[in-house]
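Q: could you look at this predicted model? Sequence included:
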Amino acid sequence: MKQLVVDSTVCVNWFMQPHGKRERVAALDLLEHIRKKKVYVSQPPIWRSHVVAVLLRKRGIDIGEVVETLLAVE
């Protein structure tokens, strides 16, 4: 199994449509690989707070849903 460290900008793409459609598709494909346990993601302890901090500046984001989803990620 591959082990990756994912930049928080990739994680942000899981919650919102980025400027580039290609980036969104790649981020969602990665998320699917994570869910299917084809890829192991090793993140620093602060990755969730960094994603939330970025998304707090965006309009139309339900930050409560974001936090709940992020806390569910192992």
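A: Everything's here; your move. Numbers count the residues shown, from 1 in each chain.
Q: got the buried residues for the helix or strand hosting residue 52?
A: Here residue 52, judged by DSSP states H and E, is contained in helix 47-56. Of the residues in helix 47-56, 47-48, 50-52, 54-55 count as buried by neighbour count, 16 or more other Cβ atoms under 10 Å. Yep, even glycine has a C-beta here, placed from its N, CA and C like the rest.
Q: can you add pLDDT and distance to residue 11 and give these back as JSON lines?
A: Shown next, in JSON lines, are the buried residues of helix 47-56 (pLDDT from 0 to 100; distance: Cβ to Cβ, whole Å):
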{"residue": "47", "pLDDT": "85", "distance to residue 11": "7"}
{"residue": "48", "pLDDT": "85", "distance to residue 11": "9"}
{"residue": "50", "pLDDT": "87", "distance to residue 11": "8"}
{"residue": "51", "pLDDT": "86", "distance to residue 11": "5"}
{"residue": "52", "pLDDT": "87", "distance to residue 11": "10"}
{"residue": "54", "pLDDT": "84", "distance to residue 11": "9"}
{"residue": "55", "pLDDT": "83", "distance to residue 11": "9"}
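Q: what helices and strands are in contact with the helix or strand that contains residue 28?
A: Using DSSP H and E, residue 28 falls within helix 21-35. Contact here means 3 or more Cβ pairs under 8 Å, 6 or more residues apart in numbering; DSSP states H and E; on that basis helix 21-35 packs against helix 8-12, strand 39-41.
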